[in-house]
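Asks: just need the structure, nothing else, for what follows:
(one chain, ligands or ions: 2)
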Amino acid sequence: MEWVFFLDTINVVAKECWKAMEGKTVFAFHGQMGAGKTTFIHALCDAKGVKDVVGSPTFSLVNEYEYCCEGTRKPLFHLDLYRIKNEEEAIRAGIEDVLYSGNICLAEWPEKAPGIFPGDTMHVFIEITGDGERRIKIGDN
Ligand SMILES: Nc1ncnc2c1ncn2[C@@H]1O[C@H](COP(=O)(O)OP(=O)(O)OP(=O)(O)O)[C@@H](O)[C@H]1O
Ligand SMILES: [Mg+2]
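Replies: Ligands and ions are numbered 1, 2, ... in the order given. The predicted structure is shown next:
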């Protein structure tokens, strides 16, 4: 499935994307620097109704957010593996524990440690298709 969008339609696409990704928990976002991974993840968080940002220093590897699911608060993790060198370093940093926690995980730069991602990870590809225009594709590989 794929969508082409500008910033003014990102929220609509984020909602459709959640529908299409129903039941998945781990998402790996591929795309060059500046493609719009963080921006789209923030739109996904908005669509989930994430309000509180629970301790999220700008450059941390793992940011924990919170959203409400059927009256219960649940954590949602935003990972940015850009500064990780390899799988060993990711494991030492506890990234696997987060990925296998059963909670929603939205991860940037999964190619830094591809081997630690669960087999049922949903892969998301973001491409720059024009000035302010992006294409997002979702699939299992
Ligand atoms: N349609 C769009 N969707 C997403 N971002 C867009 C779009 N149009 C323009 N932009 C801009 O492109 C930039 C994307 O930056 P962002 O930090 O989200 O990229 P990134 O893929 O997370 O990069 P990095 O790999 O450095 O983390 C932002 O400045 C954003 O405003
Ligand atoms: Mg980013």
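Asks: by proximity to ligand 1, which residue of the chain wins?
Replies: In the chain, the residue that lies nearest ligand 1 is residue 36 (2.8 Å; C-beta to the nearest ligand atom). C-beta coordinates here come from the backbone N, C-alpha and C atoms, glycine included.
Asks: I'd say that residue and residue 127 touch.
Replies: No. Look at residue 36 against residue 127 with C-beta atoms under 8 Å: they stay out of range, at 9.1 Å.
Asks: find residues that contact each of those two.
Replies: Counting by C-beta atoms under 8 Å, 6 or more residues apart in numbering, the contacts common to residue 36 and residue 127 are residue 134.
Asks: tell me how many other residues surround residue 5.
Replies: By the measure other C-beta atoms under 10 Å, the count of residues near residue 5 is 22.
Asks: how about residue 67?
Replies: Neighbours of residue 67 (other C-beta under 10 Å): 17.
Asks: dump the residue contacts of residue 103.
Replies: The contact partners of residue 103, by C-beta under 8 Å, 6+ apart, come to 25, 74, 75, 76, 77.
Asks: please check those residues and keep the buried ones.
Replies: 25, 76, 77 (16 or more other C-beta atoms under 10 Å).
Asks: which parts of the chain are strands?
Replies: Counting by DSSP state E, the chain has strands at residues 2-5, 26-30, 53-54, 62-69, 72-80, 104-108, 122-130, 133-139.
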